[in-house]
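Chemist: okay, sequence plus prediction incoming.
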Amino acid sequence: VKLVEPGGGLVQPGGSLRLPCVGSGFTFSDFNMRWYRQAPGKVPDMVAHISSADYTTRYLDFVKGRFTISRDNAKNTVYLQMNSLIPDDTAVYYCNAWRAWPNGDYWGQGTQVTVSS
């Protein structure tokens with residue numbers, strides 16, 4: 001099982017970035033997909049969620065209206081489109097695949113996003 005997040009990087013305040021996460025080794029379409037982030041010295045936050053069944057989405061209040069999660073099951077890929085980025089969005093972003101039954105909980109290695117001028 002593998003989740004790979006090839007995106008990330010340095011972006012200026014007000015800029016945009018799209019993070020892809022590619023899954024392999026499991027039935028991607030059966031899993032709810034989530035993005036988490038962890039800033040230095042802080043606990044992880046779930047940033048966005050998209051369900052497997054009907055693509056229902058949920059967002060952390062802080063990113064509502066700026067971030068969009070989407071998925072392409074044909075490509076085993078989930079995306080996080082981030083717009084109007086601010087320095088407080090700086091964190092390591094992690095992709096997560098989760099299923100209640102049969103249980104499955106898989107994590108990517110994380111990718112650094114830095115918002116700075």
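Modeler: That came in fine, so what should we check first?

Chemist: contact partners for residue 85?
Modeler: Counting by C-beta atoms under 8 Å, 6 or more residues apart in numbering, residue 85 touches 11, 12, 13, 14, 15, 16, 17, 66, 113, 115. All C-beta spots, glycine's among them, are computed from the backbone N, C-alpha and C.

Chemist: let's see it at 7 Å
Modeler: By C-beta atoms under 7 Å, 6 or more residues apart in numbering, residue 85 lies in contact with 11, 13, 14, 15, 16, 17, 115.

Chemist: repeat that for residue 78.
Modeler: Applying C-beta under 7 Å, 6+ apart, we find residue 78 in contact with 21, 33, 50, 69, 71, 95.

Chemist: likewise for residue 88?
Modeler: Listed by C-beta under 7 Å, 6+ apart, residue 88 has no contact partners.

Chemist: quick one: residue 70 and residue 50, what's the gap?
Modeler: Using C-beta to C-beta, to the nearest Å, we find residue 70 at a distance of 7 Å from residue 50.

Chemist: and the contacts of residue 85, which are buried?
Modeler: 11, 17, 115 (16 or more other C-beta atoms under 10 Å).

Chemist: so which of those residues sit within strands?
Modeler: 11, 17, 115 (DSSP state E).

Chemist: neighbour-wise, which of residue 70 and residue 50 wins?
Modeler: Taking neighbours as other C-beta atoms under 10 Å, residue 70 and residue 50 compare with residue 50 leading, 20 against 15.
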